[in-house]
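Novice: Structure here, sequence nowhere to be found:
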Ligand SMILES: [Fe+2]
């Protein structure tokens, strides 16, 4: 005779979903892409004329030494790579919305994922941020685009400053020297349970983070010798706009709940 299953093995095992968002995408940049981006920046920095024509600082809020446009040939060479990452990001978000036995979305999941595979991704703007001792980027958003990103191309040795800060605070949660911090809308009432209102990302060459452009974010200053070099791009997919060809798979009323 078959032994009955213990009560904790009945039914389907629990799966956790994160339908509220906002998601943070992470990828490691290919080494060749890091090299191409760094070369593009170095070539502009060496040329007085290009330094003037490719200056992008008038459009940005950073209190940093230099902000330059990324050369178009680098964008063209790597456009497909970035487009694929954005499609994965959007698919990752949509996957969280299909909770079994519920019907938040108008079209089936398979159809939504097929549409995402064909999604066009447009680069709206792309620039480098070169910062040195004491530079910082105040809290800001990128209001004219859907998604933005930060990738690290050069990172100074921040270990001493980080150790000092840890010794003072005995805590690794807060953003430390030279860190990128992304802020959310949740968890501002303490204690924060199952939600976070700010997460610090320690810079490391090759790390790339993709997130909604309406999320507030900031870069903390650091002390010492060396350059912290990052790049950002503003990206649009038209995924959530009424003129999108994929409008039929929008969540109802642009919200998730019926
Ligand atoms: Fe930014």
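Specialist: Noted; the coordinates are in hand. Not measured: the values here are computed from a predicted model. Residues are numbered from 1 along each chain as shown.

Novice: need the helices for the stretch 1-150 of the chain, in chain order.
Specialist: 31-45, 48-53, 72-97, 109-117 (DSSP state H, counting those that start in this stretch).

Novice: could I get those helices as TSV with mean neighbour count and distance to residue 20?
Specialist: Bear in mind the C-beta positions are built from the backbone N, C-alpha and C, glycine included. Formatted as TSV, these follow (neighbours: other CB atoms under 10 Å; distance: least, CB to CB, whole Å):
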stretch	mean neighbour count	distance to residue 20
helix 31-45	17	32
helix 48-53	11	43
helix 72-97	16	9
helix 109-117	16	18
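
Novice: can you put these in JSON lines and add mean pLDDT and distance to residue 196?
Specialist: What follows is those, written out as JSON lines (pLDDT from 0 to 100; distance: least, CB to CB, whole Å):
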{"stretch": "helix 31-45", "mean pLDDT": "96", "distance to residue 196": "28"}
{"stretch": "helix 48-53", "mean pLDDT": "87", "distance to residue 196": "39"}
{"stretch": "helix 72-97", "mean pLDDT": "95", "distance to residue 196": "16"}
{"stretch": "helix 109-117", "mean pLDDT": "90", "distance to residue 196": "26"}
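
Novice: out of the ones you listed, which comes closest to residue 153?
Specialist: Among the helices of the stretch 1-150 of the chain, the nearest to residue 153 by CB to CB is helix 31-45 (5.3 Å).

Novice: can you give me how far that closest one is from the chain middle?
Specialist: In terms of CA atoms, centre = their mean, to the nearest Å, the centre of helix 31-45 is found 20 Å from the chain centre.
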